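In: Below are the sequence and a predicted model; questions follow.
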Amino acid sequence: MNQILSIDIGTSSLKAGIISEQGKLLEYGREYYAPGLQSSPRTWISMLQNMVKSFTAAKIDAIAVSGHGPSLVPATALAENSFQAIGWDAKIKIAENIKALAPNINTSFFLAKALYFKENFPEQYKAISFFLPPPELLNLYLSGQARSILPNSEYRHFYWDDLSIKAMGLKTEHFAPFIAPGETLGTLQKNPAKALGLKPGMPVFAAGPDFLMALLGSGTVSEGLVCNRMGSSEGMNLLVNQKINTTTLLQFPHLVPGKINLSGIINASGLAIEWFLRLTGIKRQDLSALSNQVFTQFSLDNSILFIPHLLPSRTPLWPENLKGSLLGLEAHHGKEDVFQALMEGLLFFAKDILVEMEKHADIKEIRLSGGPAENIAWLKMKASLFSKPLSLLEINDSELLGNALIATHRAPLDKIQEHIASRIHVKSIISPDSSLSDYIQNKYQNYRAISSQINRLFKTENPLSALK
């Protein structure tokens with residue numbers, strides 16, 4: 001097996017690429033969803049068909065898919081006709097009697113979403129065959145096989161078991177058998193092969209959740225390495241060798257047995273940018289030009305301070321009552337100043353997470369992943385705030401490389417570090433810029449002080465009383 005068609009279902013776009021067994025990106029495509037279609041399986045499939053037809057089909061030997069989670073698709077037997085995914089950020093409430101029957105139920109994960117669909121869409125519920133996360137839905141389309149990818153046994157309580165399924169009044173047959181990352185779940189069937197312009201019969205490998213594939217694809221497989229994933233939501237992921245005592249960060253098992261992914265998540269990073277575009281009327285296709293303009297003509301006297309908490313934080317570092325705020329506006333400020341402040345605010349939240357991580361481990365290297373890693377001027381600002389160099393990888397979308405790595409690794413996962421070592425290629429190092437450091441460090445201190453006041457302000461039933 002030489003080359004992998006690697007696919008990632010993102011929150012704002014679908015990406016695909018052909019990656020060689022040596023870890024080189026040979027071809028690449030990305031398409032953004034139209035408004036309201038980001039959760040549509042038919043849209044994912046249509047985009048994939050258009051994208052892959054532009055690739056050199058003869059180069060492809062196998063397929064692997066990752067995607068966002070914990071989202072859940074109510075899937076029909078014909079994958080294209082499946083219902084819209086219930087997103088990872090969906091706010092689900094569970095009745096007290098259900099909690100008593102299934103005390104381990106987590107409203108952020110899969111069973112709660114399945115129950116929500118059953119109770120709110122009873123007619124559609126009758127038509128489904130499975131509940132599948134987005135990557136598994138696309139795998140169903142490609143291979144005709146319904147399988148659920150369980151990263152490892154330590155993730156079992158985030159997923160489901162027969163007892164919990166029955167306790168919630170759901171059907172066990174709606175939940176596909178588990179398969180492990182790297183296993184072959186089937187082969188490419190004739191109809192999707194024809195639609196994609198590919199040869200039928202090539203293996204389709206199980207990959208898994210995007211954040212775990214990004215850890216592999218960024219080489220974050222040894223202690224002290226951080227993967228900074230940037231996109232619709234941003235994550236800081238630090239690998240440590242054992243669980244730690246923390247109330248401010250999240251902890252999940254790593255794919256490498258015995259390792260822990262210590263993380264903090266900025267779930268409103270993409271939402272903040274969408275809010276700015278909606279507020280200013282700027283089109284998404286013009287955002288890159290604006291970003292380059294702002295960060296190549298950087299204002300070191302911008303008084304605007306943006307507190308980026310437009311959604312309740314998924315990181316325990318900040319309480320849920322903290323609200324987003326825009327402070328320090330003056331009459332001369334324009335959209336460029338507001339955008340600079342917005343991006344700074346997202347940097348400050350990432351710095352908060354990094355500060356917490358440094359209490360528990362020595363951070364050896366920060367590796368970047370995601371679309372914003374292409375903006376070098378902005379990355380210099382980030383390195384100056386973090387006071388650490390940042391590693392920019394040859395394959396910016398680490399999920400895609402992670403998929404290829406898991407598909408070509410034919411050994412136990414505790415040996416995958418050796419497989420990864422020669423396939424991760426650092427393109428450049430972004431170092432702190434002394435001309436930016438004083439400005440961004442001082443502004444970060446202001447952000448910390450003001451955030452605590454805003455938290456106090458919105459913690460009371462009458463916010464104005466906090467000002468007295």
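Out: Cool, got the structure.
In: check contacts around Pro181.
Out: For Pro181, the contact set (Cβ atoms under 8 Å, 6 or more residues apart in numbering) comprises 149, 151, 206-208, 212, 255, 406, 413. The C-beta positions use only the backbone N, C-alpha and C, and glycine is treated the same way.
In: tell me the SS of it?
Out: coil (DSSP: H, G, I helix; E, B strand; the rest coil).
In: Please read off the pLDDT at it from the model.
Out: At Pro181, the pLDDT value in this model is 94.
In: ok so, going back, top of the contacts of Pro181 by number of neighbours, please.
Out: Taking other Cβ atoms under 10 Å as the neighbour criterion, Ala207 ranks highest of the contacts of Pro181 with 33 neighbours.
In: picking that back up, which ones among the contacts of Pro181 lie within helices?
Out: 212, 406 (DSSP state H).
In: Could you list the low-pLDDT ranges of the stretch 201-350 of the chain?
Out: 313-321 (pLDDT under 70).
In: And the strands in it?
Out: Assigned strands in the stretch 201-350 of the chain, in chain order: 203-209, 225-229, 234-240, 250-253, 260-266, 305-307, 325-327 (criterion: DSSP state E, counting those that start in this stretch).
In: mind putting the ones you listed in TSV, distance to Gln38 included?
Out: Listed next are the strands of the stretch 201-350 of the chain as TSV, based on distance: least, Cβ to Cβ, whole Å:
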stretch	distance to Gln38
strand 203-209	17
strand 225-229	18
strand 234-240	17
strand 250-253	24
strand 260-266	18
strand 305-307	24
strand 325-327	26
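In: so which of those comes closest to Phe298?
Out: With Cβ to Cβ, the closest approach to Phe298 among those belongs to strand 305-307: 15.4 Å.
In: same for the closest one, what does it pack against?
Out: strand 325-327, helix 335-357, helix 434-459 (3 or more Cβ pairs under 8 Å, 6 or more residues apart in numbering; DSSP states H and E).
In: Could I get the buried residue list for the first one?
Out: Right, strand 325-327. For strand 325-327, burial by neighbour count (16 or more other Cβ atoms under 10 Å) applies to Ser325.
In: Distance from the chain centre to that strand, please.
Out: 26 Å (Cα atoms, centre = their mean, to the nearest Å).
In: go on, stretch 287-295?
Out: 23 Å.
In: For Lys427, which three-state class applies?
Out: Assignment for Lys427 (three-state DSSP): strand.
In: quick one: it and Leu379 touch, right?
Out: No - counting by Cβ atoms under 8 Å, Lys427 stays clear of Leu379, with 11.9 Å between them.
In: Pick out whichever of the two has more residues nearby.
Out: Shown here are Lys427 and Leu379; by other Cβ under 10 Å, Leu379 has more neighbours (22 against 12).
In: Identify the bridge partners of the nearest residue to that one once chain neighbours are set aside.
Out: Closest residue in space to Leu379, ignoring its immediate chain neighbours: Ile430 at 4.5 Å, by Cβ to Cβ, 6 or more residues apart in numbering. As for beta bridges, Ile430 partners with Leu390 under DSSP bridges.
In: now Gly264
Out: Met236.
In: roughly how far apart are it and Met357?
Out: 7 Å (Cβ to Cβ, to the nearest Å).
In: intersection of neighbour lists for these two?
Out: 236, 249.
In: higher neighbour count, these two?
Out: Between Gly264 and Met357, counted using other Cβ under 10 Å, the more crowded position is Gly264 (26 against 23).
In: Check whether the more buried one really touches Gly235, as I assumed.
Out: Yes - at 7.1 Å, Gly264 and Gly235 qualify as touching, with contact defined as Cβ under 8 Å.
In: Assign Leu26 to one of the three secondary structure states.
Out: strand.
In: Would you check that Gly217 makes contact with Glu394?
Out: No - using Cβ under 8 Å, Gly217 is not in contact with Glu394; the gap is 10.8 Å.
In: follow-up on the earlier one: pick the one among the contacts of Pro181 closest to Leu72.
Out: Ile149 (13.1 Å).
In: Report pLDDT for the closest one.
Out: Value listed for Ile149 in the pLDDT field: 96.
In: so it bridges to which residues?
Out: Ile179.
In: Would you enumerate the residues in contact with it?
Out: Contacts of Ile149 by Cβ under 8 Å, 6+ apart are 133, 135-136, 178-181, 206-209.
In: One more pass at 10 Å, please.
Out: Remark: with contacts taken as Cβ atoms under 10 Å, 6 or more residues apart in numbering, Ile149 is in contact with 65-67, 69, 132-133, 135-136, 139, 155, 159, 176, 178-183, 185, 206-209, 212.
In: For it, give its distance to Leu457.
Out: 43 Å.
In: where exactly do the helices run in the stretch 101-250 of the chain?
Out: Under the criterion DSSP state H, counting those that start in this stretch, the stretch 101-250 of the chain carries helices at the ranges 110-120, 122-125, 134-143, 162-167, 190-196, 210-217.
In: Could you export the ones you listed to CSV, including columns for distance to Ile363?
Out: What follows is these, written out as CSV (distance: least, Cβ to Cβ, whole Å):
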stretch, distance to Ile363
helix 110-120, 32
helix 122-125, 47
helix 134-143, 30
helix 162-167, 37
helix 190-196, 41
helix 210-217, 15
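In: most tightly surrounded among the ones you listed?
Out: Highest mean neighbour count among the helices of the stretch 101-250 of the chain (mean count of other Cβ atoms under 10 Å): helix 210-217, with a mean of 29.
In: one step back: can you tell which of the strands of the stretch 201-350 of the chain is closest to Leu170?
Out: Comparing the strands of the stretch 201-350 of the chain by Cβ to Cβ, strand 203-209 comes nearest, at 21.6 Å.
In: how much does the closest one deviate in direction from helix 210-217?
Out: Strand 203-209 runs at 110 degrees relative to helix 210-217, counting by axes from the mean of the first three to the mean of the last three Cα atoms, to 10 degrees.
In: Report the inter-axis angle for strand 203-209 versus helix 134-143.
Out: Using the same axes, to 10 degrees: strand 203-209 against helix 134-143 is 170 degrees.
In: Please compute how far strand 203-209 lies from its chain's middle.
Out: The answer for strand 203-209 is 17 Å, by Cα atoms, centre = their mean.
In: what's that strand packed up against?
Out: Using 3 or more Cβ pairs under 10 Å, 6 or more residues apart in numbering; DSSP states H and E, the elements in contact with strand 203-209 are strand 3-9, strand 62-67, helix 134-143, strand 148-149, strand 178-179, strand 184-187, helix 210-217, helix 398-408.
In: Let me see the contact set for the closest residue in space to Leu271 that isn't next to it in sequence.
Out: With Cβ to Cβ, 6+ apart as the criterion, Leu271 has its nearest non-adjacent residue at 5.5 Å, and that residue is Leu310. By Cβ under 10 Å, 6+ apart, the contact set of Leu310 is 267-269, 271-272, 274-275, 323-325.
In: Name the member of these that has the highest neighbour count.
Out: Ser269 (27 neighbours).
In: my guess is it contacts Gly231, does it?
Out: Yes - if you go by Cβ atoms under 10 Å, Ser269 and Gly231 touch, sitting 7.4 Å apart.
In: So what's the residue count around Gln22?
Out: Neighbour number of Gln22 under other Cβ under 10 Å is 12.
In: now the one 10 residues further on
Out: By the other Cβ under 10 Å criterion, the neighbourhood of Tyr32 contains 14 residues.
In: now do the one 4 residues further on
Out: If you count neighbours by other Cβ under 10 Å, Gly36 ends up with 9.
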